[in-house]
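**Q** generate a structure from the sequence data that follows.
(one chain, ligands or ions: 1)
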Amino acid sequence: MRSRILVADRYGQSDVLDFVEEELPALTPGQARIAVKAAGLNPIDARRMTGEIRFGPLPLRFGTEFAGRIVELPAEAGPWSVGDEVLGSGGGFTHATIIDVPIGNLIRRPSTVDWPVAGSLAGTAQTAMAVVQELGDIGSLLVHGGAGGVGTVLVQLAREKGIEVVATDSGANPDYLRALGATPVAYGPGLVERLREVHPAPFDAAIILAGTEEATHASLATVKPDGDIASTTGIPAPSERVRATGNRPSPANLQYVVDRVADGRIRWEVSGTYPFAKAAEGFAAVLEGHTRGKRVLIF
Ligand SMILES: NC(=O)c1ccc[n+]([C@@H]2O[C@H](COP(=O)([O-])OP(=O)(O)OC[C@H]3O[C@@H](n4cnc5c(N)ncnc54)[C@H](OP(=O)(O)O)[C@@H]3O)[C@@H](O)[C@H]2O)c1
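**A** Sure, this is the predicted structure:
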């Protein structure tokens with residue numbers, strides 16, 4: 001079976017992206033072969049393309065999550081059948097027409113969850129679940145960059161636990177943040193004063209989803225002295241108080257979020273879809289850094 005795969009043989013802007021056609025090797029035990037219908041575009045994909053983050057050899061392949069149809073299975077495939085509609089985290093890459101994925105990663109696609117939504121949930125859902133589980137039993141949370149992919153899920157999971165949430169945005173998304181259950185505050189000069197105005201008491205914790213110095217300084221100024229400050233960005237923070245956190249693969253956590261998206265308890269936003277052939281447009285849009293919810297490749 002042949003797959004058309006998005007690649008980059010050098011670092012740079014989205015014009016470095018190209019496609020290769022490859023005959024896939026025989027399917028190995030423990031893997032399912034999937035015809036991809038949708039795959040999320042994540043900041044990590046764009047930052048690997050530019051070379052800001054470097055792991056894996058050139059040529060690069062991209063994508064961490066997908067939704068699609070099973071087209072081939074090994075003899076031992078548990079409850080799965082060819083033709084099943086699934087979603088989850090990928091194996092090595094997901095921006096390709098046909099991919100091989102560990103069977104243990106698969107979640108069934110609910111009929112009420114369309115392909116672009118299904119294909120864009122795994123990374124943010126598992127990251128947001130891990131963050132909320134780590135935060136534990138707190139009463140208030142400051143989220144820097146609440147309108148993006150992780151923020152959209154995280155704010156709603158925190159609200160579900162009864163946590164009061166204040167979330168920052170550029171000023172373009174206050175109504176969106178309110179609809180998620182957060183109190184919006186615009187980032188930029190005067191942020192600490194604006195945070196104190198809406199939340200005079202110190203926050204129990206802060207989570208940084210946009211790796212700016214401002215986010216670290218505002219957290220240090222508004223989180224109680226023994227409060228948790230964590231960042232998912234992978235960008236070193238100018239304070240040792242900021243701990244790094246991120247995605248912890250857990251199909252059970254993904255299922256928890258998918259169930260809530262399927263019945264409407266969690267709102268999810270796909271703010272842009274891009275035909276696979278126009279992947280470069282999607283990568284360029286992600287690089288701008290102001291995605292609401294998630295952008296998605298469709299096949
Ligand atoms: N380590 C891991 O496993 C892992 C997993 C998932 C994500 N991540 C990382 O976590 C971060 C968040 O991911 P994401 O998918 O939510 O990203 P995203 O969708 O790009 O969202 C980032 C948000 O940051 C906001 N933003 C932009 N500039 C800002 C600034 N100067 N101050 C405050 N907010 C600003 C944007 O909102 P406005 O439009 O309102 O500006 C946007 O909503 C990224 O760095 C990503 O790479 C890491």
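
**Q** so the residue of the stretch 151-299 of the chain found nearest the ligand, which state does it fall into?
**A** Nearest to the ligand in the stretch 151-299 of the chain, going by Cβ to the nearest ligand atom, is residue 246, at a distance of 2.4 Å. For every residue, glycine as well, the C-beta is placed using N, CA and C. The three-state label given to residue 246 by DSSP: H, G, I helix; E, B strand; the rest coil is coil.

**Q** that one touches residue 127, doesn't it?
**A** Yes - shown here, residue 246 and residue 127 form a contact pair, counting by Cβ atoms under 8 Å, at 6.1 Å.

**Q** residue 25 - how many residues pack around it?
**A** 8 (other Cβ atoms under 10 Å).

**Q** oh, I was asking about residue 22
**A** Neighbours around residue 22, by other Cβ under 10 Å: 13.

**Q** also residue 199?
**A** The burial count for residue 199: 17, using other Cβ under 10 Å.

**Q** skipping adjacent residues, who's closest to it in space?
**A** Nearest residue to residue 199, sequence neighbours excluded (Cβ to Cβ, 6 or more residues apart in numbering): residue 166, at 5.2 Å.

**Q** can you give me the pLDDT of that neighbour?
**A** At residue 166 the predicted local confidence, pLDDT, stands at 98.

**Q** that one falls within a strand, correct?
**A** Yes - Residue 166 sits within a strand when classified using three-state DSSP.

**Q** who does it form a beta bridge with?
**A** Per DSSP bridges, the residues bridged to residue 166 are residue 142, residue 183.

**Q** so it makes contact with residue 183?
**A** Yes - between residue 166 and residue 183 there is a contact under Cβ under 8 Å: 4.7 Å.

**Q** overlap in contacts, those two.
**A** Listed as contacting both residue 166 and residue 183 by Cβ atoms under 8 Å, 6 or more residues apart in numbering are 198-199.

**Q** so if I had to pick from those two, which one is more boxed in?
**A** Shown here are residue 166 and residue 183; by other Cβ under 10 Å, residue 166 has more neighbours (23 against 16).

**Q** residue contacts, the more buried one?
**A** Taking Cβ under 8 Å, 6+ apart as the test, what residue 166 contacts is 140-143, 182-185, 195, 198-199, 203.

**Q** do the same with residue 228
**A** The neighbours of residue 228, taking Cβ under 8 Å, 6+ apart as the test, are 134-135, 138, 204-206, 243.

**Q** among those residues, name the ones in helices.
**A** 134-135 (DSSP state H).

**Q** could you list the low-confidence segments of the stretch 51-200 of the chain?
**A** In the predicted model of the stretch 51-200 of the chain, no residue satisfies pLDDT under 70.

**Q** and the residue of it that's closest to the ligand?
**A** Nearest residue of the stretch 51-200 of the chain to the ligand, counting by Cβ to the nearest ligand atom: residue 148, 1.9 Å away.

**Q** residues in contact with residue 69?
**A** Contacts of residue 69 (Cβ under 8 Å, 6+ apart): 34-35, 37, 83-86.

**Q** for residue 77, see how far away it is.
**A** Distance of residue 69 to residue 77, given as Cβ to Cβ, to the nearest Å: 14 Å.

**Q** also residue 178?
**A** 45 Å.
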